[in-house]
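>>> Here you go, sequence then predicted model.
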Amino acid sequence: MTGTGPSFVWIDGVLRPADGQHLSVSDRAFQLGDGIFETLRAKGGRVTELAEHVARLRRSADGLAIELPAGLETMLEAGIADLLAAEHLDGPDGDASVRITVSRGAWAGRGLLPPVGEHLVATIVVQAWPVLPPPAGHLERGLSLIASAVRRDPGNPVIALKTTSRADYVFARIEARRAGAEDALFLTVSGHLSEATTANIFLVRVAPDGVTELATPSLDCAILPGTTRSWLLRWGASAGLRVTEGRLTPDELVTASEAFLSSSVAGVLPVTRFHGHPIGDGVPGPWTLRARADREAFIGDGPPAAGSADPSATRPDSAATRPDSAATRPDSGR
């Protein structure tokens, strides 16, 4: 790796120097954001949940009628392995963020779509960066969020597709930076929680009947169905939490005992403030830290089967994963 970024990029089956000229100015992703992508984690040379990410990539491609090549998963598996080796991120200490980007392809004409019958060959790019530890303050103090002015329409079918059109997300992150926050939450047009700019949101709360719940916005709240989100729903149930998906309000976020964000690369990160109001005790909570520790263990050890959590890593009585365990306190290492 160089000091400024990756040394190589994988494009359509070939490793190339990262600082070269690679794409045509006529590429549709450059011209119109007419592309899709996935970001995933590879630790110790093992790619986490590749099948799940490829399945979501296919759903996004189907939604935009982008034709993907046959044998895509095998191609990507080999390409990621070659790229990680070239970047020296495939060893036992390697920890990489891998991005797969697919463009509809290059077309010299103008307009939103090529003429019927004109076949474009998709451009497939894989990049890798080392995963850096989150800033200490993110784990010790938690993240501060605001609500973005951008509103989400649950009836918009594009929301569930992971496209390269990211203007809304960039705008929201600029809003957060200007407000002195780390991230922004999108709300639906009805004012319910949707998701953050690159992550899903979870709440931990005690229900009126005394049961501790793990709550997250449902799929009809204009969210991307995250792979880590799916893992956490299974984790919560196995850890003894009552898992609920539904329409959550900003007030429910502020009054929750704990809150956290989840994503494929960053994992689980605590949220402790919303528009300056503390959430819970205003510090990362025990369930949040347990979720982070268990997810990192899952990524580091490698899943016993694609998409399935190791039950021994999430048993409620496991000493390594109890909320009061030293392994999950804010002062413990990664």
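Looks like it came in fine. Numbers count the residues shown, from 1 in each chain.
>>> what's the domain layout of the protein?
Using automatic domain parsing, the domain parsing of the chain gives 8-130, 136-328.
>>> weakest of the ones you listed by average pLDDT?
Lowest mean pLDDT of those: domain 136-328, a mean of 88.
>>> any idea which helix or strand carries the residue lying closest to residue 47 once chain neighbours are set aside?
Of all residues beyond its chain neighbours, the one nearest residue 47 is residue 80 (5.8 Å), with distances taken as Cβ to Cβ, 6 or more residues apart in numbering. (Each C-beta comes from the backbone N, C-alpha and C, glycine too.) In this assignment (DSSP states H and E), residue 80 forms part of helix 72-86.
>>> Tabulate the CA atom coordinates of that helix in PDB.
Below are the C-alpha coordinates for helix 72-86, written out as PDB (Å, rounded to 0.1, in the frame of the first residue of the first chain):
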ATOM      1  CA  LEU A  72     -20.200 -13.400 -11.200                       C
ATOM      2  CA  GLU A  73     -19.600 -14.700  -7.600                       C
ATOM      3  CA  THR A  74     -16.700 -16.900  -8.700                       C
ATOM      4  CA  MET A  75     -15.200 -14.000 -10.700                       C
ATOM      5  CA  LEU A  76     -15.400 -11.700  -7.800                       C
ATOM      6  CA  GLU A  77     -14.000 -14.200  -5.300                       C
ATOM      7  CA  ALA A  78     -10.900 -14.700  -7.500                       C
ATOM      8  CA  GLY A  79     -10.600 -10.900  -8.200                       C
ATOM      9  CA  ILE A  80     -10.800 -10.000  -4.500                       C
ATOM     10  CA  ALA A  81      -8.200 -12.700  -3.700                       C
ATOM     11  CA  ASP A  82      -5.800 -11.400  -6.300                       C
ATOM     12  CA  LEU A  83      -6.300  -7.800  -5.200                       C
ATOM     13  CA  LEU A  84      -5.800  -8.500  -1.500                       C
ATOM     14  CA  ALA A  85      -2.600 -10.400  -2.300                       C
ATOM     15  CA  ALA A  86      -1.300  -7.500  -4.400                       C
END
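>>> Make a markdown table from the domains of the chain and add mean neighbour count to it.
Output for these, formatted as a markdown table (neighbours: other Cβ atoms under 10 Å):
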| stretch | mean neighbour count |
| --- | --- |
| domain 8-130 | 17 |
| domain 136-328 | 18 |
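>>> Check for me that residue 237 belongs to a helix.
Yes. The assignment for residue 237 (DSSP: H, G, I helix; E, B strand; the rest coil) places it in a helix.
>>> quick one, what contacts the spatially closest residue to it that is not a sequence neighbour?
Distances taken as Cβ to Cβ, 6+ apart place residue 243 nearest to residue 237, at 5.2 Å, with adjacent residues excluded. By Cβ atoms under 8 Å, 6 or more residues apart in numbering, residue 243 lies in contact with 213, 214, 215, 233, 236, 237.
>>> got these as CSV, with distance to residue 98 columns?
Formatted as CSV, the contacts of residue 243 follow (distance: Cβ to Cβ, whole Å):
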residue, distance to residue 98
213, 33
214, 28
215, 30
233, 23
236, 26
237, 28
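>>> and the residue nearest the centre of the chain, what are its bridge partners?
Centroid check for the chain by Cα atoms, centre = their mean gives residue 263 as the closest residue, at 3.1 Å. On the basis of DSSP bridges, residue 263 is bridged to residue 267.
>>> Make 772 the first number, not 1, from now on.
Got it, first residue is 772 now, which makes that one residue 1034.
>>> From residue 924, how far out is the residue nearest to residue 1008?
26 Å (Cβ to Cβ, to the nearest Å).
>>> for residue 802, same thing?
From residue 802 across to residue 924, the span is 25 Å (Cβ to Cβ).
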